[in-house]
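1. Sequence below, structure please.
(one chain, ligands or ions: 2)
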Amino acid sequence: MAPTGVLRNLTLVLGAAVVVLGSLLFIAWKLYFRGTEPAGTWDGWELRELQERDPAVRLPSSPALSCCPQAVWKQVLVLGLDGAGKSSVLHYICSQKARTRISPTLGFNTAQLRVGGLEMDLLEVGGSYNLRAYWPLYLSDAHVLVFVVDSVDRSRLLTARQELHALLAEEPRLPLVVLANKQDKSDALSTEELREELALHLLSGQRELFLLPTSATWASLSTATSVLHVKSLLVTLLSQP
Ligand SMILES: Nc1nc2c(ncn2[C@@H]2O[C@H](COP(=O)(O)OP(=O)(O)OP(=O)(O)O)[C@@H](O)[C@H]2O)c(=O)[nH]1
Ligand SMILES: [Mg+2]
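-> Ligands and ions are numbered 1, 2, ... in the order given. Down below sits the predicted model:
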């Protein structure tokens, strides 16, 4: 391999390692301080984008004093291939607004939502090839996995299926919410077709498993494919004892 190729690969690996370290630090930070932030409502949300170059610098400032120490903290891990719509879905869930332009996630995004006594951290790890190797590191803290699939991207369905099955092989009980995203597109596969293509029956077993059609566009705000249904489902799932 030419020296420039080696250097490029080395840079990619180092970049990804920095991302992972930063996000693990962030999770540790959240675990350490969980329950010490003020409670809010669906309107009380934050979305942070932490890029690969300076993850530590962008860590949140010191948390506020405790007002609701009894709040229950849960983490939702949002994964899926690059371009599937993870950031769009997150943004929509948190702000109830669709975004017309969104950049690929180079590291990870995190958002916080509070509903009554439930505090949810939603963590998206980018879906590009070099970041997928790190997905399994985030599973152990997750209470629910949301896996977003581009319902139009037929050529990569097999890859999505392989990544999902590999991830869950070691997690037989982790609840799974699969989002059949981009249902607004005319050539989108239906949820039944996707259930088959992703071989979801092999993943059901002991876990709770849901497959929802979604669309993270303005036009779908009040339709059956609205991402807002995901929000309700997550609250229901995570409110269980
Ligand atoms: N038509 C349509 N486009 C969507 C939908 N959701 C996302 N998109 C578009 O798909 C592209 C990728 O969306 P992202 O949200 O960045 O995808 P991602 O899964 O976060 O990708 P990575 O961060 O690279 O892993 C963007 O151009 C979005 O505007 C949807 O429901 N319908
Ligand atoms: Mg993204």
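2. Quick check: Gln112 vs ligand 2, distance?
-> Noted for Gln112: a distance of 17 Å to ligand 2, by C-beta to the ion, to the nearest Å. C-betas here are computed from N, CA, C, even on glycine.
3. Surely that residue forms part of a strand?
-> Yes. Residue assignment for Gln112, taken from DSSP: H, G, I helix; E, B strand; the rest coil, places it within a strand.
4. pLDDT wise, what is it at?
-> Confidence per residue is given as pLDDT, and for Gln112 that number is 89.
5. Ok, the one 10 residues further on next?
-> According to the prediction, Leu122 has pLDDT 95.
6. what's the burial count for it?
-> Neighbouring residues of Leu122 were enumerated by other C-beta atoms under 10 Å; the total is 25.
7. So it versus ligand 1, what's the distance?
-> With distances taken as C-beta to the nearest ligand atom, to the nearest Å, Leu122 is found 12 Å from ligand 1.
8. Run through the residues that contact that residue.
-> Under the criterion of C-beta atoms under 8 Å, 6 or more residues apart in numbering, the contact list for Leu122 reads 75-76, 78, 90, 93-94, 110-113, 146.
9. How is it classified with respect to secondary structure?
-> When the structure is reduced to helix, strand and coil (three-state DSSP), Leu122 reads as strand.
10. Kindly state the beta-bridge partners for it.
-> When assigned by DSSP bridges, Leu122 has beta-bridge partners Val76, Ala111.
11. for Val72, same thing?
-> On the basis of DSSP bridges, Val72 is bridged to Leu118.
12. wait, isn't it in contact with Glu119?
-> Yes. With the criterion set as C-beta atoms under 8 Å, Val72 and Glu119 qualify as a contacting pair; they are 6.8 Å apart.
13. and the spatially most central residue of the chain, what element?
-> Closest residue to the average C-alpha location of the chain: Val78 at 1.4 Å, with C-alpha atoms, centre = their mean. Applying DSSP states H and E as the criterion places Val78 in strand 72-79.
14. Of all the residues in the next helix or strand after that strand, which ones are buried?
-> Of the helices and strands lying after strand 72-79 in sequence (DSSP H and E), the nearest is helix 86-95. The neighbour-count criterion (16 or more other C-beta atoms under 10 Å) identifies 86-94 as the buried residues of helix 86-95.
15. can helix 86-95 be found next to ligand 2?
-> Yes. With C-beta under 5 Å from the ion as the criterion, ligand 2 is reached by helix 86-95 at 86-87.
16. Other residues contacting that helix?
-> Taking C-beta under 8 Å, 6+ apart as the criterion, the residues outside helix 86-95 that touch it are 45-47, 78-80, 97-99, 102-103, 105, 109, 111, 113, 122, 124, 127, 146, 148, 179, 181, 214, 216, 227-228, 230-231.
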